[in-house]
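Colleague: take a look and give me a structure for this.
(chains A, B and C)
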Amino acid sequence: MITTTNLTKKYGDFTALNNLNLDIKPGEIYCLLGANGAGKSTTINLLLNFIQPTSGTALINNIDVTRQPLETKKYLAYIPENLMLYPSLTALENLDYFSGIAGKSLNKNTMESFLEEAGLQKEAFNKKIKAFSKGMRQKVGIAIALAKDAKLLLLDEPTSGLDPKAGNEFGMLLKNLKLKGVAILMATHDIFRAKEIATHIGIMKHGVLKHQFKANDLSLAELEKHYLETMNY
Amino acid sequence: MIRKTIIKELKEIFRDGRFKFSALLVIILIAVAIVIGSNQYKNTNKQYEISQNSERNVWENQGAKNPHSAAHFGTYVFKPKNALALLDQGVDKYEGISIFLEAHSRNEAQYSAAGDQTELSRFGELTSDFILLYVIPLLIIIIGYNSFTKEKEGGTYVLLKSQGISNLKLAIAKLIAVYIPVFIICSVLFLTAGIVLSSLSNYSAFSWDKLLSLYLTYLLYYLVFAQIVLLISTSTKRSGISLVSALSFWILSCFIAPKIAANMAEIKYPYPTKQEFITSLEEAKKGGLSGHNPWSKEAKKLEAKLLKEYNVRHVSELPFNFSGYIMQKGEEHEAEVYFKAYGKLKEQFSNQANTYKSIAFISPFLPTRFLSMGIAGTDYESHMSFAEAAEDYRIQTQKFLNDNNMNNSKYGERGYKADASFWKTLPKFNYTAPTLDVILKQQNTNMAVLVLWVFISGLLLFISTKKI
Amino acid sequence: MFSYNFTYELKLLVRNKWLPMLSLLLLISFTFATYNGNYRTQKRVEQIASIESKVLEKDANMLKLLDSVEKGMEVKTSFRRIPNTPMAIGYQHPRAVTMSPNSMSAIAIGQSDIFSDAIMPITVDDDFSIDFTEMTSSVQLLFGSFDLTFVIIYLLPLLIIAFSYNILSAEKERGALRLLASQPISIYKWIFQKMILRFFWLGIIMIIALVISFLISGINLFQIQFISLTGLILVYMLFWFSLSFFINLVGGSSAKNAAYLIGLWVFFVLLVPSSINQIANSTYPTPSRNNLVNTMRTLKVAVSKKQDTVLDHFLRHHPELVAKRGSEDYGFWHKYMASMDMVAVEIDSLFSLYDEQLKGQQDYVNKWIWLSPSLVINKEMNRISGNSTADYQNFKNQALSFSRHWRNHLIFMLYSQLPFTTKDYDTLPKFTYKPLELKGIGMRIAIQFILCILIGLLGIYMFKKRLKKGHAILNN
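Modeller: Down below sits the predicted model:
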C-alpha cells in the first residue's frame, strides 16, 4: 500500500529524512518509533504531500504522491495528533461534511453505523463536537476513515494524551481495521502500545530508519532495549 | 520589575515588522504633511498681505465721491491663516476667506477652498490633523492589540504569573511600553512644527502655549486609545479577535460617530437653506427703516420725533443733513436685523454643538476633534469670531461714512462729494484671534469629556486586569 | 463538494450568528443612511418648490399691477417698484434657476451640502457675484454625512474583512486544516467555494437591506439606476472578497491577515484618495481667490474713473444696442450695465482659470481613479445620484449662461428704450436644467470584475508556490 524509495527531505543543510525505504502491505500495522525530531512526522507529511520531498519517491497504492496528490488522497485517511473538527457541528454533521467534500454521500443510517463501529456512544451522535474529549473526537476521525473506505490509515501520535482505557479502545479499533485489510502507518512514542498492536516496528533517529522488526520476532523487553540503545548511540 | 517588562515589551515592539513598516509610513506622511502644510501656510499668508494692501489701496484711491457711493462700493476684508492651522486645518477649507463689507447688507464669507476642489477632497487630505487624529490611533492599535493576547497564546502569561508579577504592574508596564513609541513620534512632530512655525512667525501670531496645549490634548487622546487597546487585549483570548475589536472601536469613534452626530445635529437643528435665509432677511427688513425709502411709515415717525426734539418745522432746518441721519438709522436697523438672524444661526449651531457633545461619550475622537481645532483657531467659533469682527468693522465704517454725509452736506443737496483724501482717515481693519484662555473657556466641556475618557478607560483597564 | 460546502457553510454561519448579525448591521446602516440621504433630498425638493411657487405668485401680482398700469388705473406702489421697465423686472423679479434632485439623489449627499441648487440671478449680477454655495454648518461638511456612499465605501469592506479574514487561518489555527488537506480536494478550491458562498450570502443580505431601506424611504425601486447601483455594490464587494481570498491564500495567522487586510483598507480607502487629491491640487493649484478679488476691485475703480468713455466703448462693441430712435438719453442703468460688461470682459480670462484648474484636477483624478476601486465606486455613485462635482459644475455653467441670457434679453430692451409690458412676459427666458448623461457604468463594472478575477488568480498562483514549499498547510 505504501512504498517509499530513498525518500529524502532536506531543509537547507538540515536533513529531516534520509533515504527512507518503506514497504507496507494491506493488513499491516507499521509503527514508527523515535524521539521528537526523528523524522516520523516528516514521513507522514510527505505521504500526505503537505511537504514535497527533496529526492526519492513515495507511492500510495502504486500512485506517485507528488504527481497525483488528489488521487492518492482518495485511498488514505489521516488522523493528526490533535484531531480538530467543527466545534459547532454535531458528530453526525462533521462526518457528513467531511465525507461529503471527499465525494461520498451517505444516508443517516450508514453514518450512524460507522460512528457505532468507531465506538462512539449513541447519545453523542447528535451532540456538538465542542463538548467532546480527545478520545471521542478520534472516534469520529475513525468513522470518517471508515466512511471513506480508506485502504490506508496515517496516524500521527494518536494515543498521546489519551487515558489508558481510551488508548486501549483505540488499539482495538486499529486491530479491527487491520483485519479488514487496511494498511496502517502510525508514528508514536508509545513502545508498549506499539508492541501490542503492530505487525511491524521501525526505530528512527536523526531522519534515518535505524532498525526494522516484525513485532512478533521480539519481546517487549528486547524492543525497549533496542530502542534505548539506538537512542543512546 | 516594571522597568524590565517595559524594556522587554519595547524590544518586541521595535523588532516587529508591522510596527517598523507602519511607523515609517507615519513618519513619511508627517514629513509630507508638514512640507505641504508649511508651503501652503507661507503662500496663503503672503497672498493675504498682498490682498489686504491692495484692497486698502483701492479704497484709499477711489477719488472724490459721495460717501454713500463709497459705502456701496464697499471694501473687502480677508481672513488671516492661523499659524497652528499647520497642525490642524479644522473647518478652514469649508469656510470662506474674504468678506465683502457694503452698505445695507451683511455678506457671508466667500470662496471656500472646498468649493474649488473636486469631490475627492471630501475623502480627506494628507494633512497633519489626518495623521494626528486617525493614523496615530491606528498605530497604537498595531502596537498594542496583542500586548496581552500574545502572552496568552504563547503560554508565557502563566510563566510570568509564576514569577510573581501582579497583573496591575504588568498592565502598567505594557501601557507605558505601548505609549512610548507614540509619545516619541508625537513629540517629534510637535517640536518640528514649533520650529517651523517660529521661523515663519512673522505672519501671524504663533504662540508656544497654544502649541503646548495642542500637544497635551493629543497626548491625552493617545492615552485613551492606548488604554482602550490594552483593555481589549486583556479581555480577549485571541490576537485576531483583539485586533478586529480594537479596529471596530477605531472605526466607530473616528468615522461613524462623527457622521452620525452630524446627521443627528442636522435633523434635530437644521440650518436654513441659503434661499430661505435670504427670504427671511428680506421679510425682516421690509417693514423697517431704510435709508433709501424716506417715505416709509417708520421714516415718517422718525422725522416727526426729530422735528419735535429740535423744535423745528422742516427737516432742512436741522443742524445736520437729515438724509445722512436717516441713512445711518436705516443702517443700524438693518444691522440689528442681521444681528438677530445670525444670532439665530449661532444658536442653532450651539444646539448642534451640544448634539456633538452628547455623542462624544461614545467617541473620544469628538472632544479631541473640537478641542484641537479650537486651539488651532480653525473651528467654526474662530470663523464666527472673525466674521463678527468684520461685521463690527462694517457697522463702524457705515457710521463713519454716514456721519461724514450728515455733517458736511445739506438736506436735498445733490452731488456732494467727500474729499479724495477722506478715505485714508478710515481706521484699518484689525483682527486678532482670541487668546488661549478665551478658547479654553469656550472648550471646557470638551476638555472635561476628554479627561473623563482618560479616567474611565484607565479605570476599566484597571478592573479588567483583575479578571485576566 | 460544493453542495456539502453550501449546506454546512450556511449551518455554520447561522450557528455562529454571523448571518443574523450581518443582516442586522447592514439593515440598520442602510436604512439610516438612506434616510439621511432622503432627508436632504426632500429638503431640496421642498426648497425648490417653495422658490418656484413664490416666483409664480410674485409674477401673478406683477402682471396684475402691470395690467392696471397699462389700463391707466392709479396704483399705490412707489414708482420704483412699478414693473414697467426692463430693469425693474431684472432687478425685482428674478427667475428661479434650479436643479431638481434626481430619483436616486438619496444614495449620495455628494456635493449637495456645499453647493446650492437654487439661485435667483438679477440683472446686476455677474459671473463673479452669483454665489453657488449652500449654507451648511462647516462642522457637518468636515465630518461628512452618513450616507449610502459612506456605508458602501467605508463600512462594507470592513464587514467583508471581519467576515472572511480568517477562513483558512482559523482552520489552520484550530487544527482542522490537516484533516481537510488529507481529503482528495484542492484547498484553494475549497477556500474559493467558501468565499463564493460568503459573497453569495452577503450579496443577498445586501440586496434585501437595500430594497428595504429604499422602500422605507419611499424611493422607486423600478428604475434602471437601481440595477446599476446594485451591480456597482456587488462588484465592489467582490473586489474586497477577492482581496480577502488573496490574503487568505498568501497570509499567515488570523491576526496577520486582519492586519494586512486593514492595511489594504487604509491604503485603498484613505491613502490613495487623499494622495491623488493632494497631487491633483498641487499639480493644478487653484489660483488665489483673494487675488481675483483684488483684480476685480482694481478694474472697477479703473472703469468708474473713465465713466464717460465706458458707454461709448460699450456701444462700439454692441452696435445692435444703439438706441434705434436716435435718443441720446442714456441713464444710470445704461452706464451701470456698460461698466459691468467692461469689467466682465476684462476679468473673464482670470475667472475661467478657476474652471480650467478644476477641470485639470478632475481630469487628473479620473486618470488615476483606477488605483482604488473605492474611488471608482464613489465616482459612479455620485454620478448616479446627480450630486457629483461634475453635476454641480454643469448646473453652474447652465445657470451662468442663463443669467447672461436673461441680462442680455433685458439689456436689449433697456437700450431699445422699450417699456416692459404684459405681452413681454411670455418672451422672458425660462430656465430648465439639463442633467448630464449617465453612461459607461456597465463598462466600469466589467473592468472591476476582471480586476477581481486577476487578484484571485494571482492568489491561487502564489498559494500553489507555497504548497510546494510546504508552508501552506503546516504551521511554519
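Colleague: what ranges do the helices span in the stretch 201-350 of chain B?
Modeller: Assigned by DSSP state H, counting those that start in this stretch, the helices in the stretch 201-350 of chain B fall at B:208-235, B:239-251, B:257-268, B:274-286, B:297-310, B:322-359.
Colleague: buried stuff in the fifth one?
Modeller: By neighbour count, and taking 16 or more other Cβ atoms under 10 Å in any protein chain shown as the criterion, the buried residues in helix B:297-310 are B:Glu298, B:Ala299, B:Leu302, B:Glu303, B:Leu306, B:Leu307. Using the backbone N, CA and C atoms, a C-beta is placed for each residue, glycine as well.
Colleague: give me the most central residue, chain A.
Modeller: For chain A, the residue sitting closest to the mean C-alpha position, by Cα atoms, centre = their mean, is A:Leu155 at 1.7 Å.
Colleague: tell me if I'm right that it and A:Val182 touch.
Modeller: No - the pair formed by A:Leu155 and A:Val182 falls short of the contact definition of Cβ atoms under 8 Å, at 11.2 Å.
Colleague: now the strands: where do they sit in chain A?
Modeller: Applying DSSP state E to chain A gives strands spanning A:2-11, A:14-24, A:29-33, A:55-60, A:63-64, A:76-79, A:152-156, A:183-188, A:200-205, A:208-214.
Colleague: wait, the stretch 101-250 of chain C
Modeller: When secondary structure is read from DSSP state E, counting those that start in this stretch, the stretch 101-250 of chain C shows strands at C:118-119.
Colleague: surely C:Gln278 and B:Glu125 touch.
Modeller: Yes - because the distance of 5.8 Å satisfies Cβ under 8 Å, C:Gln278 is recorded as touching B:Glu125.
Colleague: which one of those two has more residues nearby?
Modeller: Applying other Cβ atoms under 10 Å in any protein chain shown to C:Gln278 and B:Glu125 shows that B:Glu125 carries more neighbours, namely 22 against 19.
Colleague: count of neighbours near the closest residue to the more buried one other than its chain neighbours?
Modeller: Among residues not flanking B:Glu125 along the chain, C:Ser274 sits closest, at 5.4 Å (Cβ to Cβ, 6 or more residues apart in numbering or on different chains). In terms of burial, C:Ser274 registers 19 neighbours under the definition other Cβ under 10 Å.
Colleague: check contacts around the residue positioned nearest the centre of chain C.
Modeller: With distances taken as Cα atoms, centre = their mean, C:Ser388 lies nearest the centre of chain C, 1.9 Å away. C:Ser388 makes contacts with B:Glu119, C:Ala108, C:Gly110, C:Gln111, C:Lys379, C:Asn382, as judged by Cβ atoms under 8 Å, 6 or more residues apart in numbering or on different chains.
Colleague: and the least confident of those residues?
Modeller: When the contacts of C:Ser388 are sorted by pLDDT, the bottom entry is B:Glu119 at 79.
Colleague: check contacts around residue 186.
Modeller: Reading this off chain A. With contact set as Cβ under 8 Å, 6+ apart, A:Met186 has these partners: A:Ile29, A:Tyr30, A:Cys31, A:Leu32, A:Leu153, A:Leu154, A:Leu155, A:Pro158, A:Leu174, A:Ala194, A:Ala198.
Colleague: think we crossed wires, I meant chain B
Modeller: The neighbourhood of B:Cys186, defined by Cβ under 8 Å, 6+ apart, consists of B:Leu132, B:Ile136, B:Tyr215, B:Tyr218, B:Leu219, B:Tyr222.
Colleague: just the closest residue of the stretch 201-350 of chain C to chain A, please.
Modeller: When you check the stretch 201-350 of chain C against chain A by Cβ to the nearest Cβ, the closest residue turns out to be C:Ser254, at 14.9 Å.
Colleague: for that residue, which non-adjacent residue is spatially closest?
Modeller: C:Ser254's closest residue in space is B:Gly240 (Cβ to Cβ, 6+ apart), at 3.4 Å.
Colleague: now the residue of the stretch 301-450 of chain B found nearest chain A: closest residue in space, sequence neighbours ignored.
Modeller: Sorted by distance to chain A under Cβ to the nearest Cβ, the residues of the stretch 301-450 of chain B start with B:Ile362, at 31.7 Å. With Cβ to Cβ, 6+ apart as the measure, B:Ala257 is the residue that lies nearest to B:Ile362, at 5.7 Å, once sequence neighbours are left out.
Colleague: now swap in B:Lys42 and tell me
Modeller: Of all residues not flanking B:Lys42 in the chain, B:Leu200 sits nearest, at 6.4 Å (Cβ to Cβ, 6+ apart).
Colleague: surely that neighbour and B:Ser38 touch.
Modeller: Yes - checked against Cβ under 8 Å, the pair B:Leu200 and B:Ser38 is within contact range at 6.8 Å.
Colleague: for chain B, give me the ranges with low pLDDT.
Modeller: Within chain B, the ranges that satisfy pLDDT under 70 run B:201-205, B:289-295, B:315.
Colleague: repeat that for chain A.
Modeller: A:233.
Colleague: looking at it, what residue ends up closest to chain B?
Modeller: Nearest to chain B in chain A, going by Cβ to the nearest Cβ, is A:Pro87, at a distance of 14.2 Å.
Colleague: skip the chain neighbours and tell me the closest residue to the residue most central in space within chain B.
Modeller: Here the mean C-alpha position of chain B is nearest to the C-alpha of B:Asp379 (Cα atoms, centre = their mean), at a distance of 0.9 Å. When the adjacent residues along the chain are set aside, B:Asp379 lies closest to B:Met373, with 4.0 Å between them (Cβ to Cβ, 6+ apart).
Colleague: wasn't the one you found part of a helix?
Modeller: Yes - when the secondary structure is assigned by DSSP: H, G, I helix; E, B strand; the rest coil, B:Met373 falls within a helix.
Colleague: B:Ser38 versus that one, what's the distance?
Modeller: 18 Å (Cβ to Cβ, to the nearest Å).
Colleague: swap in A:Ser133?
Modeller: Counting by Cβ to Cβ, the separation of A:Ser133 from B:Ser38 is 67 Å.
Colleague: okay, those two: which has more neighbours?
Modeller: B:Ser38 (17 against 12).
Colleague: helices of the stretch 251-400 of chain C, start to end?
Modeller: With DSSP H, counting those that start in this stretch as the criterion, the stretch 251-400 of chain C has helices spanning C:254-265, C:272-283, C:289-305, C:307-317, C:332-368, C:373-385, C:389-415.
Colleague: wait, which of the ones you listed is closest to B:Ala173?
Modeller: Closest of the helices of the stretch 251-400 of chain C to B:Ala173 is helix C:254-265, at 21.7 Å (criterion: Cβ to Cβ).
Colleague: and the strand or helix carrying C:Asn36, is it in reach of chain A?
Modeller: Taking DSSP states H and E as the criterion, C:Asn36 maps to helix C:18-70. No - Helix C:18-70 lies apart from chain A when judged by Cβ under 8 Å from any Cβ of the partner chain; the minimum separation is 11.0 Å.
Colleague: that helix near chain B at all?
Modeller: Yes - contact between helix C:18-70 and chain B, assessed by Cβ under 8 Å from any Cβ, occurs at C:Phe32, C:Asn36, C:Tyr39, C:Lys43, C:Arg44, C:Gln47, C:Ser50, C:Ile51, C:Lys54.
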